[in-house]
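Peer 1: sequence and computational prediction follow.
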Amino acid sequence: MNVHFIAIGGSAMHNLAIALSRKGIFVTGSDDEIFEPSKTRLEKQGILPASIGWDDCRISKNLDAVILGMHAREDNPELLKAKELNIPIFSYPEYLFEQSKDKIRVVIGGSHGKTTITSMLLHVINELKMNVDYMVGAQLDGYDCMVKLSDDAKIMILEGDEYLSSPIDRRPKFHLYRPNIAIISGIAWDHINVFPTFENYVAQFDQFCSLIEPNGLLVYNTEDAEVNKLGVKYASKINTKAYSTPEYVVTESGTKLFYEKESFDLKLFGQHNLQNLMGAMRLGEAIGIEPKVFFKAISTFKGAGKRLQKVFEKNNFVMFKDFAHSPSKLKATTKAVKEQYAKRNVVACMELHTFSSLKKEFLPHYLDSMNQADEAIVYFSHEVVKHKKLEPITKEQVQEAFGGKVKVMTETSEVLNYIQNHSWDNAVLLMMSSGNFDGINYDDLAKEINFV
């Protein structure tokens with residue numbers, strides 16, 4: 001087979017391209033920009049485009065399929081040529097479904113917790129040496145490719161993003177997977193540029209539930225009001241299994257979890273993480289992993305990449321980085337760190353980076369989201385706001401939206417100066433962003449910090 005990727009450099013796209021190449025499919029691709037780590041990974045696999053840019057000469061009748069990435073536009077010359085030649089065009093979720101339609105599909109959905117739950121489930125599966133295929137939207141430690149496709153695996157684990165599938169397919173990605181087993185971890189309004197109202201956003205999860213295969217299973221979080229409503233609604237239509245935060249105590253090395261009169265020592269911490277863990281356990285149970293076997297196997301799990309990931313620790317100072325950017329994620333992450341380090345000074349620093357977070361109308365949703373921190377810093381760039389073609393916002397508007405004692409900064413140098421000149425005796429630094437604070441290198445920053 002010959003498959004061409006339009007916008008091959010994307011996070012999910014380049015992983016799928018590598019997976020197909022490893023499966024023996026002849027893969028080509030194009031993009032108008034390819035950044036690291038995609039560039040090196042594609043080059044190593046031998047499928048990095050020879051030149052950057054679009055060229056409709058790459059499209060011919062020899063192609064069996066074109067996979068279209070979200071980064072491309074509707075008027076992309078390669079896309080137009082593929083349409084002209086009647087070559088089958090897929091979004092990557094459509095293609096993943098085609099590759100897994102004869103497998104048991106386990107789809108992890110939710111506004112937050114998807115990557116963590118997927119990571120937990122895959123960690124246990126690997127510990128137990130089970131053979132599964134998978135697709136994860138984020139890079140996880142220990143993997144050189146976040147998509148695996150094989151002919152012999154009977155199960156496919158899919159992280160189910162609710163964002164749009166492609167420029168010409170406006171359906172949420174997770175609507176295309178038709179799960180046999182599904183989970184919804186939480187619903188908190190996101191992607192407001194696509195889903196203009198909360199009701200419209202919730203409706204996407206309702207439809208996701210309606211697309212679960214007959215006799216399928218919905219695992220749902222009872223502690224999220226909207227998710228619980230869906231669990232109750234679908235209980236008479238499909239199989240359902242509820243979960244919630246387990247009984248636990250904080251320990252010096254992480255957490256002690258209690259389940260059915262037994263205790264399990266874990267390296268991870270935080271109520272939200274433990275809630276996700278119970279969801280992952282229920283998914284494991286649905287594919288044949290006994291709960292106590294699951295908890296023993298998860299004891300070596302340290303966390304998903306960029307999800308409360310420890311960057312540095314020395315003496316009585318520790319630094320974490322986290323992907324948190326929405327109000328619910330900020331609140332859960334900050335709370336988890338303060339609970340674990342109750343006697344330390346917790347400094348939480350976050351970057352407003354996404355379209356939703358920088359939109360003036362959405363800012364009030366951040367009220368009190370960082371109150372658990374002893375000190376809170378919010379950074380945003382006027383240039384990023386301008387680049388996203390949004391209405392300008394001011395420091396005062398951000399301050400009012402977050403409330404509390406939040407310090408608002410608009411220059412990276414200001415953030416760095418604050419951190420470098422701060423005393424970090426008996427303290428925790430939590431850096432949260434879906435971006436990169438205009439290129440701050442967390443490892444270098446940790447080395448520059450004054451520990452005494």
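Peer 2: Arrived safely.
Peer 1: helices along the stretch 101-250 of the chain, start to end?
Peer 2: Secondary structure of the stretch 101-250 of the chain by DSSP state H, counting those that start in this stretch: the helices cover 114-127, 198-210, 225-234.
Peer 1: of these, flag the one that's most buried.
Peer 2: Of the helices of the stretch 101-250 of the chain, the one with the most neighbours on average (mean count of other Cβ atoms under 10 Å) is helix 114-127, at a mean of 24. Placement of C-beta: from N, CA and C, glycine included.
Peer 1: tell me which residue is most central in the protein.
Peer 2: By Cα atoms, centre = their mean, the chain has its centre lying nearest to T115, at 4.6 Å.
Peer 1: quick check: closest non-adjacent residue to that residue.
Peer 2: Spatial nearest neighbour of T115, excluding adjacent residues (Cβ to Cβ, 6 or more residues apart in numbering): A138 at 4.6 Å.
Peer 1: swap in Q420?
Peer 2: Distances taken as Cβ to Cβ, 6+ apart put E448 closest to Q420, at 5.6 Å, once the chain neighbours are dropped.
Peer 1: so the one you found sits against N417, correct?
Peer 2: No - counting by Cβ atoms under 8 Å, E448 stays clear of N417, with 11.0 Å between them.
Peer 1: next, the residue of the chain most remote from its centre: phi, psi?
Peer 2: If you look at how far each residue of the chain sits from its centre, by Cα atoms, centre = their mean, the farthest one is K61, at 36.3 Å. Torsion angles at K61 (phi, psi; degrees, to the nearest 10) stand at phi -70, psi -10.
Peer 1: any idea how far L363 is from G254?
Peer 2: Noted for L363: a distance of 34 Å to G254, by Cβ to Cβ, to the nearest Å.
Peer 1: find the least confident helix or strand in this protein, judged by mean pLDDT.
Peer 2: The weakest-scoring helix or strand in the chain, judged by mean pLDDT, DSSP states H and E, is helix 442-448 (a mean of 84).
Peer 1: before we move on, the earlier item: tally up the residues packed near the residue nearest to Q420, please.
Peer 2: By other Cβ atoms under 10 Å, 10 other residues sit near E448.
Peer 1: repeat that for F35.
Peer 2: When neighbours are counted by other Cβ under 10 Å, F35 registers 10.
Peer 1: ok, now S111?
Peer 2: 22.
Peer 1: rewinding a little: now the residue nearest to T115: phi and psi?
Peer 2: Dihedral pair for A138: phi -120, psi 160, per degrees, to the nearest 10.
Peer 1: please list all residues in contact with it.
Peer 2: Applying Cβ atoms under 8 Å, 6 or more residues apart in numbering to A138 gives the contacts 11, 115, 146, 159, 304-306, 323.
Peer 1: for L20, what are phi and psi?
Peer 2: phi -70, psi -40.
Peer 1: isn't it right up against H4?
Peer 2: No - counting by Cβ under 8 Å, L20 does not reach H4; the two are 10.8 Å apart.
Peer 1: so what's in contact with the two at the same time?
Peer 2: The contact lists of L20 and H4 share V27, where a contact means Cβ under 8 Å, 6+ apart.
Peer 1: ok so, going back, okay if I get the helices of the stretch 101-250 of the chain as JSON lines plus mean pLDDT?
Peer 2: Shown next, in JSON lines, are those (pLDDT from 0 to 100):
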{"stretch": "helix 114-127", "mean pLDDT": "95"}
{"stretch": "helix 198-210", "mean pLDDT": "97"}
{"stretch": "helix 225-234", "mean pLDDT": "98"}
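Peer 1: nearest to N436, out of those helices?
Peer 2: With respect to N436, and counting by Cβ to Cβ, the nearest of these is helix 114-127 at 17.3 Å.
Peer 1: residues contacting the residue nearest to Y177 when sequence neighbours are not counted?
Peer 2: Distances taken as Cβ to Cβ, 6+ apart place V107 nearest to Y177, at 4.8 Å, with adjacent residues excluded. Neighbouring residues of V107 by Cβ under 8 Å, 6+ apart: 158, 160, 174, 177, 179, 181-183.
Peer 1: hmm, try it at 10 Å
Peer 2: Going by Cβ atoms under 10 Å, 6 or more residues apart in numbering, V107 touches 114, 118, 135, 156-160, 173-174, 176-184, 208, 211-212, 216, 283.
Peer 1: what about it, distance to A297?
Peer 2: 22 Å.
Peer 1: what's the domain layout of the protein?
Peer 2: For the chain, automatic domain parsing gives the domain ranges 2-87, 95-300, 309-448.
Peer 1: ok, how many other residues are close to K310?
Peer 2: By other Cβ under 10 Å, the residues close to K310 number 11.
Peer 1: pretty sure it is touching K302, no?
Peer 2: Yes - counting by Cβ atoms under 10 Å, K310 does reach K302; the two are 7.7 Å apart.
Peer 1: state whether G435 is indeed within a helix.
Peer 2: No - under DSSP: H, G, I helix; E, B strand; the rest coil, G435 sits outside any helix and is assigned coil.
Peer 1: relative to H382, how far out is it?
Peer 2: Going from G435 to H382 by Cβ to Cβ gives 14 Å.
Peer 1: where does the chain dip in pLDDT?
Peer 2: Counting by pLDDT under 70, the ranges of the chain that qualify are 305, 450-452.
Peer 1: can I assume A203 is in contact with W189?
Peer 2: No - if you go by Cβ under 10 Å, A203 and W189 don't touch, sitting 11.8 Å apart.
Peer 1: overlap of the contact sets of the two?
Peer 2: Here A203 and W189 have 195, 197 as joint contacts, going by Cβ under 10 Å, 6+ apart.
Peer 1: what's the spacing between stretch 90-110 and its chain's center?
Peer 2: Chain-centre distance of stretch 90-110: 17 Å, with Cα atoms, centre = their mean, to the nearest Å.
Peer 1: now do stretch 277-291
Peer 2: The answer for stretch 277-291 is 20 Å, by Cα atoms, centre = their mean.
Peer 1: could you dump that stretch to PDB, C-alpha only?
Peer 2: Taking only C-alpha atoms (Å, rounded to 0.1, in the frame of the first residue of the first chain), the coordinates of stretch 277-291 have been written out as PDB:
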ATOM      1  CA  LEU A 277      -6.300   5.500  38.600                       C
ATOM      2  CA  MET A 278      -9.600   4.000  39.500                       C
ATOM      3  CA  GLY A 279     -10.900   4.800  36.000                       C
ATOM      4  CA  ALA A 280      -7.900   3.100  34.500                       C
ATOM      5  CA  MET A 281      -8.400   0.100  36.900                       C
ATOM      6  CA  ARG A 282     -12.000  -0.300  35.700                       C
ATOM      7  CA  LEU A 283     -10.800  -0.300  32.100                       C
ATOM      8  CA  GLY A 284      -8.200  -2.900  33.000                       C
ATOM      9  CA  GLU A 285     -10.900  -5.000  34.600                       C
ATOM     10  CA  ALA A 286     -13.000  -4.800  31.400                       C
ATOM     11  CA  ILE A 287     -10.200  -6.400  29.400                       C
ATOM     12  CA  GLY A 288      -9.500  -9.100  31.900                       C
ATOM     13  CA  ILE A 289      -7.100  -7.600  34.500                       C
ATOM     14  CA  GLU A 290      -8.100  -8.300  38.100                       C
ATOM     15  CA  PRO A 291      -8.100  -5.100  40.300                       C
END
